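1. sequence and computational prediction follow.
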Amino acid sequence: MSDSQDPISAVMKAAEIRLLLEARAKIERETTADMAALQELAKKYHLRVISEADWAEFRKLRSSPQPEAQPAPPAPLEVPAPPAENIKLPWNGVETIAQLADIYRTDERSPYRALRFGTRNNADNFIDRIVSDFGEKRLADLNADSIWKMYESWADGGKLATGHAFVTKLRGLLSFGTVTLDDAGCQRLSIIMNRMRFPTPPAREERLTKEHATAIRAEAHAKGKPSIALAQAIQFEFGLGQKDAIGEYVPATEPGTSDIIVNGMKWLHGIRWENVDDALVLRHETSFGGKLLELDLKRAPMVMEELQKQFKGIVPKSGPIIISEWSGKPWSGNEFRRWWRKLADGAGVPKAIKNMDSGRAADREQFAVKGAPFEGLDLDGDTEVSLH
């Protein structure tokens, strides 16, 4: 009996053909899925996907004429190619500052994605200004001279702190492009900026004195804002930043739980009465760095004076410690700063002294605090500079 008449051989042959067809179908499905994923990546990273045939044609046009050149072989599988009008050169790195800023804010690997809400907003202010001023600049066209001119435009009018803050943010963008994107243009500019030296703004020497704090507290009581008097006492005595004293409002979608939500914004990070024990020791985890503090309120004369004046020495058992008299809720950062400045002006405190200087008090006593002393530390982790 011949092989063609052997039923076993016929069955094996049919099985072989079926397996080959199934394998081909599987390859085509996976190739189509891979192409769809590739198109998504191209869209995310500002790339263009072209077919093998189009790429071969492009290389042919760019190379020296070769009369005997043979046409490029067809693609092994039929894969959808982008429309002809969208075929461009493959993406060759970051082209402009605006493109770098966009990738920095959208790439999942970017440190921007891990920033807290307030810090992220602060970064956005700088990045938006950088893009507005110089977003169209091509990285390939930048050099030390052009970067220095950018700095001068930001520091115009002697705003050394502002200029320094902007070049620091520009360094951060280029560092991201260098390390994460492995972009040659960013690498070149990072090397240049690492060798450049920009004027360092002088350290602020303003200090909030005990007399200033006392005058602000008195003005706060006179203007019906005792909550600011208590906040000022706590900030001065313990060097807390504003964000740790009064908390902050962030979108409800941000990490963290809260029992206070106002217009889709939740309140976090502020000091609470639940964390004051019977010995009047306040335990608080700082908003920046998560440092655990133990603050002995009994050893803070200004705080004890405010507690006696406002609560007759019997403190509440729960809720935020600093509450706005107007809303019955924790203060918003902007409104607290506005009222603090108004009270400071009424108390005769110089304009150069700000609420954040409470953390650098000139004559604070030493109190029982577990951990490193506060003097000179920026517990909020924020820097105030002018963006105008």
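-> On my side now, so go ahead. Keep in mind that what you see is a predicted model, and the values were worked out from it rather than measured.
2. give the contact list for the closest residue to Q235 other than its chain neighbours.
-> Distances taken as C-beta to C-beta, 6 or more residues apart in numbering place S358 nearest to Q235, at 3.8 Å, with adjacent residues excluded. Bear in mind the C-beta positions are built from the backbone N, C-alpha and C, glycine included. S358 makes contact with 208, 213, 232, 235-236, 239-240, 242, according to C-beta atoms under 8 Å, 6 or more residues apart in numbering.
3. would you mind checking which of these is nearest to R138?
-> Using C-beta to C-beta, Q242 comes nearest to R138 of those, at 40.9 Å.
4. contact partners for that closest one?
-> With contacts defined as C-beta under 8 Å, 6+ apart, Q242 is in contact with 231, 235, 333, 336-337, 355-356, 358, 380.
5. again, 6 Å this time
-> By C-beta atoms under 6 Å, 6 or more residues apart in numbering, Q242 lies in contact with N355.
6. and it, its phi and psi?
-> Main-chain torsions, Q242, degrees, to the nearest 10: phi -60, psi -40.
7. what score does it have for pLDDT?
-> pLDDT recorded at Q242 is 91.
8. then T162?
-> T162 is assigned 93 on the pLDDT scale.
9. now do I147
-> As predicted, I147 sits at a pLDDT of 96.
10. do the same with F176
-> Here, the pLDDT recorded for F176 equals 96.
11. can you give me the neighbour number for T180?
-> 15 (other C-beta atoms under 10 Å).
12. just the element for T168, please.
-> For T168, the element it lies in under DSSP states H and E is helix 160-179.
13. next, the buried residues of that helix.
-> For helix 160-179, a neighbour-count test (16 or more other C-beta atoms under 10 Å) marks 160-167, 169-178 as buried.
14. ok, residues contacting it?
-> 94, 100, 104, 126, 151, 154-155, 183, 186-187, 189-190, 193, 198-199, 201, 385-386.
15. can you give me the strands in the protein?
-> For the chain, the strands defined by DSSP state E cover 248-251, 261-262, 265-268, 281-285, 292-296.
16. ok, which of those comes nearest K26?
-> Of all the strands of the chain, strand 248-251 sits nearest to K26, with 44.9 Å by C-beta to C-beta.
17. so which elements touch that closest one?
-> On a contact count with 3 or more C-beta pairs under 6 Å, 6 or more residues apart in numbering; DSSP states H and E, strand 248-251 meets no helix or strand.
18. so what touches that strand?
-> For strand 248-251, contacts defined as C-beta under 6 Å, 6+ apart pick out 117-118, 265, 267, 269, 332-333.
19. among the residues you listed, which are located in helices?
-> 117-118, 333 (DSSP state H).
20. whichever of those residues end up buried, select them in PyMOL.
-> Buried subset of the ones in helices among the contacts of strand 248-251, written as a PyMOL selection, criterion 16+ other C-beta under 10 Å:
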select buried, resi 117+118
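21. so what does the residue nearest to I271 when sequence neighbours are not counted look like in phi/psi?
-> Closest residue to I271 apart from its sequence neighbours, by C-beta to C-beta, 6+ apart: I321 at 4.7 Å. Backbone geometry at I321, expressed as degrees, to the nearest 10, gives phi -80, psi -40.
22. could we number from 22 for the rest of this?
-> Fine by me, first position is 22 from now on; the one you just mentioned is I342.
23. count of residues packed around I342?
-> I342 has 24 nearby residues by other C-beta under 10 Å.
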